[in-house]
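# the following block contains a protein sequence and its predicted model.
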Amino acid sequence: MAARSLTARVLLLATVWAVVALIVIAVVISELYRQGSERAFKELLRAQLYNVINSISVNDDAKLTGSPQLGDLSFSQPQTGWYWIVEPIGKFDSPALSSTSLGSGKLPVPGPKAIPFDDQYERFYTAEDSFENTVEVAETEVVLDLKGNTARFRVAGNRVDLETDIGAFTRSLYIALAIFGAGSIGVNALAILFGLKPLDRARRALEKIRAGESERLDGEFPREIQPLATEVNALIDSNRRIVERARMQVGNLAHSLKTPIAVLINEARVLEAPHGALVKNQAEAMQSQVQSYLNRARIAAQRESVLARTDVEPVIERLIRVMRRLNKDTGFSFSASPPGLVLAMEQQDVEETVGNLLENAARFAKRKVMVTARIAPPGTTGKDPARRQWITVTVEDDGPGLEPDQIREAMKRGRRLDESKPGTGLGLSIVSEIATEYQAVFELGRASSGGLEAKLVLPGVTKDVA
């Protein structure tokens, strides 16, 4: 459905793009914030490191002395992961100093080859203390006096605090972007639906034309759609002119041939047999052929029009009333489901096809003839898939019916299986020709009552317009 719906396609693409863009934005901002937080964390450790350096000195006994005040209670509370440590190195013999938070714990020192010092003789690395805290360490080595006494200064900060801050920011960011994304998708959906509204109006206008409720694509459309509406109206006008011209030509031809053929038939009646009968038969055949081809020309022209519409129920009910008067001993029934079925055919063609089938059924029925009109199931015919629906009209009788080989013979033009019954043998072939011109389906088979079932699958439309 998405593939065939422009609205769904645009909405899907806009939604996918918005989701992808927001995810990328969230990842980028989160990563940038992490990098900034890492830099800020290291700068804090560096500042505290130099604060410790400025607070430590060597006393007269060549011992380390000093009490750094870093302004953070974490350095006074045990096992917090925030420590400062001053350790003598080389020949400098002095007890090490450390913050109260370290207590008796240890903090490992990696070798300079594993993590070298930078140009400022500083290095940063991640370690794990004795209390299983993951800490970030800032380290440097400083010569404290003129005697060359050197100490290693380290300040450690708990990375949990850093990760907690980054996690809180990331969650807030994702929530904010999710709210913004949902709002953006909603606004985009409204904008797309509003922007495509003229196409929906055009669709409804076309459905009115197809349903026979309008003859033109009326309404105000944006400049992007107006050329399409203009071309559709021009196409409808062209179809209408084609139909009118075909009708006029059919009428002129019928009028010009009607009189000569009638004269031939009348003159044949006064001729002596067998010549008179031969001329009469040939003239009548010519008259039938002319009428048949005139009908085919008219149907071929009308089939390209979008204006041919015929209500099923009134036409068939009128035909049944006529058949009841002509066949008083035969019962006729008709049902249509759902009501209001409409055929995309000229009324004259509907009357000729269904009328021929009713006449044929009444000729062979014992007591009853049943007519039904239903919407054809999907896939009944693969022809003309652009039509909205197909309608099945079935005429059944309770007569003797036909065998498959008899059905093939009956469909031939002019063939009559029962010479005792009146008729010309042209009815079924006419029905077949008209059905073919409308790209419809005409089939004969065995009815449930044992008689003949004639089924027409005809092009139809619906009356309801969205």
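Looks like it came in fine.

# pretty sure Lys455 sits against Ala440.
No: Lys455 lies out of contact with Ala440 (CB atoms under 8 Å); the separation is 10.4 Å. All C-beta atoms are positioned from the backbone trio N, CA, C, and that covers glycine.

# what about the two, which has more around it?
Taking neighbours as other CB atoms under 10 Å, Lys455 and Ala440 compare with Ala440 leading, 25 against 19.

# okay, the more buried one and Ile407: tell me how far apart.
Noted for Ala440: a distance of 18 Å to Ile407, by CB to CB, to the nearest Å.

# number of residues surrounding Asp119?
Number of residues near Asp119 (other CB under 10 Å) recorded here: 5.

# just confirm it is within a strand.
No: with DSSP: H, G, I helix; E, B strand; the rest coil as the criterion, Asp119 is assigned coil and is not in a strand.

# for it, report the pLDDT, please.
Per-residue pLDDT puts Asp119 at 89.

# over to Phe124?
Phe124 is given a pLDDT of 94.

# again with the one 5 residues further on
Predicted confidence (pLDDT) for Asp129: 89.

# quick check: phi and psi on it?
Main-chain dihedrals, Asp129, degrees, to the nearest 10: phi -80, psi -180.

# go on, Gln348?
Per degrees, to the nearest 10, the backbone of Gln348 is at phi -60, psi -40.

# count of neighbours near it?
Summarising burial for Gln348: neighbours were counted as other CB under 10 Å, giving 15.

# then the one 5 residues further on?
Close neighbours of Thr353, defined as other CB under 10 Å, add up to 27.

# quick one: secondary structure of it?
Assigned with three-state DSSP, Thr353 falls in the helix class.

# ok, now Lys328?
From three-state DSSP, the assignment for Lys328 is coil.

# from Ile85, how far out is it?
Lys328 is 121 Å from Ile85, where distance means CB to CB.

# in terms of neighbours, single out the busier of these two.
Ile85 (21 against 7).

# okay, now the sheet partners of the strand or helix carrying that one, with direction.
Counting by DSSP states H and E, the element that carries Ile85 is strand 83-89. If you go by DSSP bridges, strand 83-89 pairs up with strand 97-98 (antiparallel), strand 150-158 (antiparallel).

# next SSE after the first one?
In other words, strand 97-98. For strand 97-98, the following helix or strand on the C-terminal side (DSSP H and E) is strand 122-128.

# with adjacent residues omitted, what lies nearest to Glu313?
Ala336 (5.2 Å; CB to CB, 6 or more residues apart in numbering).

# Val393 against Pro459, yeah?
No: if you go by CB under 8 Å, Val393 and Pro459 don't touch, sitting 11.6 Å apart.

# more neighbours: these two, which one.
Under the criterion of other CB under 10 Å, the comparison of Val393 against Pro459 puts Val393 first, with 25 against 22.

# what distance do you get for that one to Pro377?
14 Å.

# what do you get for Asn54?
According to CB to CB, Asn54 and Pro377 sit 92 Å apart.

# equivalent analysis for Leu97, please.
93 Å.

# residue boundaries of the helices in this protein?
6-55, 159-195, 197-210, 226-270, 275-303, 312-326, 347-364, 404-410, 427-437 (DSSP state H).

# lowest average confidence across those helices, which one?
Of all these, helix 275-303 has the smallest average pLDDT, which comes to a mean of 68.

# quick one: contacts of the strand holding Ile85?
With CB atoms under 8 Å, 6 or more residues apart in numbering as the test, strand 83-89 has contacts from 48-49, 52, 56, 64, 66, 68, 70, 75, 94, 96-99, 101-102, 107, 129, 135, 141, 149-156.

# circling back to that earlier point, nearest to Asp119, out of the helices of the chain?
Closest of the helices of the chain to Asp119 is helix 6-55, at 14.0 Å (criterion: CB to CB).

# on that earlier part again, same question for the strand holding Ile85, mean pLDDT?
For strand 83-89, mean pLDDT rounds to 92.

# could you give the angle of that strand to helix 6-55?
50 degrees (axes from the mean of the first three to the mean of the last three CA atoms, to 10 degrees).

# check which residues of strand 83-89 are buried.
For strand 83-89, a neighbour-count test (16 or more other CB atoms under 10 Å) marks 83-88 as buried.

# just to revisit the earlier point, now distance to Ala114 too, for the helices of the chain, in JSON lines please.
Conversion of the helices of the chain to JSON lines gives the following (distance: least, CB to CB, whole Å):
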{"stretch": "helix 6-55", "distance to Ala114": "18"}
{"stretch": "helix 159-195", "distance to Ala114": "19"}
{"stretch": "helix 197-210", "distance to Ala114": "68"}
{"stretch": "helix 226-270", "distance to Ala114": "73"}
{"stretch": "helix 275-303", "distance to Ala114": "88"}
{"stretch": "helix 312-326", "distance to Ala114": "91"}
{"stretch": "helix 347-364", "distance to Ala114": "95"}
{"stretch": "helix 404-410", "distance to Ala114": "95"}
{"stretch": "helix 427-437", "distance to Ala114": "91"}
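
# and the ones you listed: which comes nearest Ile115?
Among those, helix 6-55 comes nearest to Ile115, with 13.8 Å by CB to CB.

# now for the closest one, which elements pack on it?
Helix 6-55 is packed against strand 83-89, strand 122-128, strand 134-143, strand 150-158, helix 159-195, with contacts defined by 3 or more CB pairs under 8 Å, 6 or more residues apart in numbering; DSSP states H and E.
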